[in-house]
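Participant: this one's structure only:
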């Protein structure tokens, strides 16, 4: 099943529509800011005066730019999608605002609000237009570099790191349908924001439990919290009735390994996932097998 991005465009546009016309609704001082210059006076050759004289002087209005420029700088630096989906033709966005003025500060706050609303309210929805089919996978020609599995959709895989190999073995022991999900040409999940260069995330494994597809990513604790949360996208069920029998729920779960010989501590794991209401949570487990048991028993 394909995933389509549902964006909170109407909610974002309402926020934009509430931005005031700073020329008509506020006095000029609200959008102006007096620029200052710091001056220093030194006495050279006079041993009796050792301290410089320093003072600030007003030198006129700070640079004025259209309100649209301030908003664009805040928004585009973090997410171009937010800027491109909204309408900016209203003459109020042509009103000039001084850097550092009260209006400048308010516009920057609105820009941050738009970004935060986009990231909080956007979600992926399962689409039935183009069901995803698991295809063949590339493996090494050398059999010694491949690992065979009994329950996997593909007979064998290669290129697995140690953590991935142990996870694949535990998945195979569960008796569920599962597969390795190849990067770049496998099942890709669109990322909500635009941090970094990648626009799609390819989880390491897919496995099926009843009406749900679990997208499982396994990683070491080098994955930073913000990057981890970025992959835990919200995925909604189809908006239309399903004609053919196919999974109607998709969940992303990340299994993170902590500890080990480098840290001098015992290995343990954490499952990171989204609760039904959308909050991100984690659960500590002692083994991969226990983690998969929690997924099957508590999270599905």
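Facilitator: Ah, there it is. If you're wondering where the values come from, they're calculated on a predicted model, not measured in any experiment. Residues are numbered from 1 along each chain as shown.

Participant: Who is residue 201 paired with across the strands?
Facilitator: Taking DSSP bridges as the rule, residue 201 bridges to residue 189.

Participant: Might one say that residue 172 is in contact with residue 148?
Facilitator: No: using C-beta atoms under 8 Å, residue 172 is not in contact with residue 148; the gap is 9.5 Å. Every C-beta, even on glycine, is put in place using the N, C-alpha and C of the backbone.

Participant: Those two: which is more packed in?
Facilitator: Between residue 172 and residue 148, counted using other C-beta atoms under 10 Å, residue 172 has the larger neighbour count: 16 against 11.

Participant: quick one: residue 251 from residue 67, how far?
Facilitator: 42 Å (C-beta to C-beta, to the nearest Å).

Participant: more crowded one of these two?
Facilitator: Applying other C-beta under 10 Å to residue 251 and residue 67 shows that residue 67 carries more neighbours, namely 26 against 18.

Participant: which ones are touching the more buried one?
Facilitator: Going by C-beta atoms under 8 Å, 6 or more residues apart in numbering, residue 67 touches 19, 22, 92-97, 103, 107.

Participant: okay, these in JSON lines with neighbour count, pLDDT and distance to residue 125 next?
Facilitator: Shown next, in JSON lines, are the contacts of residue 67 (neighbours: other C-beta atoms under 10 Å; pLDDT from 0 to 100; distance: C-beta to C-beta, whole Å):
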{"residue": "19", "neighbour count": "16", "pLDDT": "97", "distance to residue 125": "29"}
{"residue": "22", "neighbour count": "24", "pLDDT": "96", "distance to residue 125": "38"}
{"residue": "92", "neighbour count": "17", "pLDDT": "97", "distance to residue 125": "34"}
{"residue": "93", "neighbour count": "20", "pLDDT": "97", "distance to residue 125": "31"}
{"residue": "94", "neighbour count": "14", "pLDDT": "97", "distance to residue 125": "37"}
{"residue": "95", "neighbour count": "20", "pLDDT": "96", "distance to residue 125": "38"}
{"residue": "96", "neighbour count": "15", "pLDDT": "95", "distance to residue 125": "41"}
{"residue": "97", "neighbour count": "28", "pLDDT": "94", "distance to residue 125": "38"}
{"residue": "103", "neighbour count": "24", "pLDDT": "96", "distance to residue 125": "38"}
{"residue": "107", "neighbour count": "24", "pLDDT": "97", "distance to residue 125": "32"}
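
Participant: any weak-confidence spans in the stretch 101-250 of the chain?
Facilitator: Residue ranges of the stretch 101-250 of the chain with pLDDT under 70: 126-129, 193-198, 223-224, 226, 237-248.

Participant: For it, which segments are assigned as helices?
Facilitator: Remark: helices assigned in the stretch 101-250 of the chain by DSSP state H, counting those that start in this stretch are 102-121, 162-174, 225-231.

Participant: Can you get me the start-to-end distance on stretch 184-201?
Facilitator: End-to-end distance for stretch 184-201, by C-alpha to C-alpha, to the nearest Å: 9 Å.

Participant: neighbours of the nearest residue in space to residue 265 that is not next to it in sequence, just the number please.
Facilitator: Nearest non-adjacent residue to residue 265, counting by C-beta to C-beta, 6 or more residues apart in numbering: residue 259, 4.0 Å away. The number of residues packed around residue 259, counting by other C-beta under 10 Å, is 13.

Participant: Who are the packing partners of the helix or strand where residue 259 lies?
Facilitator: Remark: residue 259 resides in strand 249-260, with elements defined by DSSP states H and E. Where contact means 3 or more C-beta pairs under 8 Å, 6 or more residues apart in numbering; DSSP states H and E, strand 249-260 is packed against strand 123-127, strand 212-220, helix 225-231, strand 235-236, strand 265-274.

Participant: As CSV, the ones you listed with mean neighbour count and distance to residue 206 would be great.
Facilitator: Below are the helices and strands packed on strand 249-260 laid out as CSV (neighbours: other C-beta atoms under 10 Å; distance: least, C-beta to C-beta, whole Å):
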stretch, mean neighbour count, distance to residue 206
strand 123-127, 18, 14
strand 212-220, 20, 6
helix 225-231, 14, 14
strand 235-236, 16, 13
strand 265-274, 17, 16
